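In: Sequence unavailable; structure follows:
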C-alpha cells in the first residue's frame with residue numbers, strides 16, 4: 001500500500017487514493033461495526049417495548065373488563081334495591097290508603113253514633129213524656145187490658161168449664177168452645193190492637209191456625225161467633241177486653 005500523495009497545484013485539495021470506497025482505515029471499520037451494533041441494540045429495544053405495550057394493553061383490558069363486571073353487578077344490585085323500594089312504597093301507599101279509609105269509616109260511624117244517640121235521647125224523652133201521659137190516663141173498665149198484650153198469643157178459657165174458644169168448628173167458619181189444648185192451633189189466639197198507638201182502641205182476635213179473625217156478625221145476642229177474613233164490616237171483628245176488677249180480664 002502506498003501512502004496518499006497530495007499535489008498542491010492550486011488552493012484545492014485533491015483525494016489521490018487509488019480506491020476511495022475501500023475502507024483501509026481500521027478506525028473507520030471499527031466505527032462502522034459499533035454503529036451497526038448500536039442500531040441492532042436499538043432495534044431490540046424497540047421490539048421489547050412493543051411486547052411490553054401489548055402486555056400493558058392486555059392488562060388494561062382485563063382490568064377494564066373486571067371493572068365493568070363490578071359496575072354491572074352494582075347496577076343489578078341497584079335495580080334490585082330500586083324494586084324493593086318501589087314495593088315498599090306501594091305497601092306504604094296501600095297502608096296509607098287503608099288508614100284513610102278506616103279513618104273515614106270511623107268518623108262516619110262516630111257521627112252516626114252521635115246522631116243515633118241524639119235521636120235515642122229524643123225518643124227517650126218522648127217515651128218518658130208518653131209514659132207520664134199514659135200513667136195519668138185512665139182506661140174504662142170494659143177495655144182496660146194493658147196495650148203490652150199487642151201481638152201476644154193467648155188462650156181464652158172458661159176455667160169453670162175447662163173449655164177454650166176453638167175457631168175450628170164447621171171447617172173453620174165458626175167458633176165454639178172445646179176442651180182446651182195448647183197444641184191445638186185453632187185455640188191459639190193472637191191479640192191485636194186495632195191501633196197500637198191508641199190505648200183506647202179495641203182489639204182483634206186472630207186464629208193462628210187459620211189466619212181468620214173471631215167475629216160477631218150483626219152483634220146478635222146468642223149468635224154463634226164466626227171466623228172470617230175481615231171481608232165484612234170491620235166493627236164485627238172489634239172487641240173490648242176488660243173487667244170491673246183489676247187483673248180479671250174477660
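Out: Perfect, I can see it now. What you are looking at is a predicted structure, and each value in this text was computed from that prediction instead of being measured.
In: give the contact list for residue 63.
Out: Contacts were defined as C-beta atoms under 8 Å, 6 or more residues apart in numbering; by that measure residue 63 touches no other residue. All C-beta spots, glycine's among them, are computed from the backbone N, C-alpha and C.
In: tell me which element it falls in.
Out: helix 26-135 (DSSP states H and E).
In: Within its sheet, name the partner strands of whichever helix or strand comes after that helix and how each one runs.
Out: Toward the C-terminal end, the helix or strand that comes next after helix 26-135 (DSSP H and E) is strand 153-154. The partner list of strand 153-154 in its sheet, established with DSSP bridges, is strand 189-193 (antiparallel).
In: Please list the outside residues in contact with the partner strand.
Out: The set of residues that contact strand 189-193 without belonging to it, under C-beta under 8 Å, 6+ apart, is 145, 147, 149-156, 165, 167, 201, 203-208, 214, 241.
In: Kindly recompute the last result at 6 Å.
Out: With contacts defined as C-beta atoms under 6 Å, 6 or more residues apart in numbering, strand 189-193 is touched by 149-150, 152-154, 201, 203-206, 208.
In: Repeat that for stretch 154-162.
Out: Surrounding stretch 154-162, the residues in contact under the criterion C-beta under 6 Å, 6+ apart are 164-165, 180, 187, 189, 191.
In: Next, the buried residues of that stretch.
Out: Residues of stretch 154-162 classed as buried by neighbour count (16 or more other C-beta atoms under 10 Å): 154, 156.
In: That stretch: end-to-end distance?
Out: 15 Å (C-alpha to C-alpha, to the nearest Å).
In: Give me the below-cutoff pLDDT ranges for the protein.
Out: For the chain, residues meeting the criterion pLDDT under 70 lie at 1-25, 27, 43-49, 124-139, 217-235, 243-250.
In: domains for the protein, by residue range?
Out: Annotated domains of the chain cover 21-137, 141-237 [automatic domain parsing].
In: before we move on, back to that, in the contacts of strand 189-193, find the pair that's most separated.
Out: Between any two of those, the greatest separation by C-beta to C-beta is 21.6 Å, found for 201 and 208.
In: doesn't residue 204 fall inside a helix?
Out: No - secondary structure assignment (DSSP: H, G, I helix; E, B strand; the rest coil) places residue 204 in strand, not in a helix.
In: what's the distance between it and residue 194?
Out: Shown here: residue 204 relative to residue 194, a distance of 6 Å by C-beta to C-beta, to the nearest Å.
In: Who has more neighbours out of those two?
Out: Neighbour totals were compared for residue 204 and residue 194, and residue 204 leads with 19 against 14 (other C-beta atoms under 10 Å).
In: Show me what that one is bridged to.
Out: For residue 204, the beta-bridge partners are residue 192 (DSSP bridges).
In: Repeat that for residue 165.
Out: Residue 165 forms beta bridges with residue 177, as assigned by DSSP bridges.
In: Tell me how far it lies from residue 141.
Out: Where residue 141 is concerned, residue 165 sits at a distance of 22 Å (C-beta to C-beta).
In: neighbour count winner among the two?
Out: More neighbours surround residue 165 than the other of residue 165 and residue 141, with 21 against 12 (other C-beta under 10 Å).
In: Can you give me the distance of the more buried one to residue 57?
Out: Here residue 165 is placed at a distance of 121 Å from residue 57 (C-beta to C-beta).
In: Kindly report the same for residue 99.
Out: Computed with C-beta to C-beta, the distance linking residue 99 and residue 57 is 61 Å.
In: what's the answer for residue 87, then?
Out: Counting by C-beta to C-beta, the gap from residue 87 to residue 57 is 45 Å.
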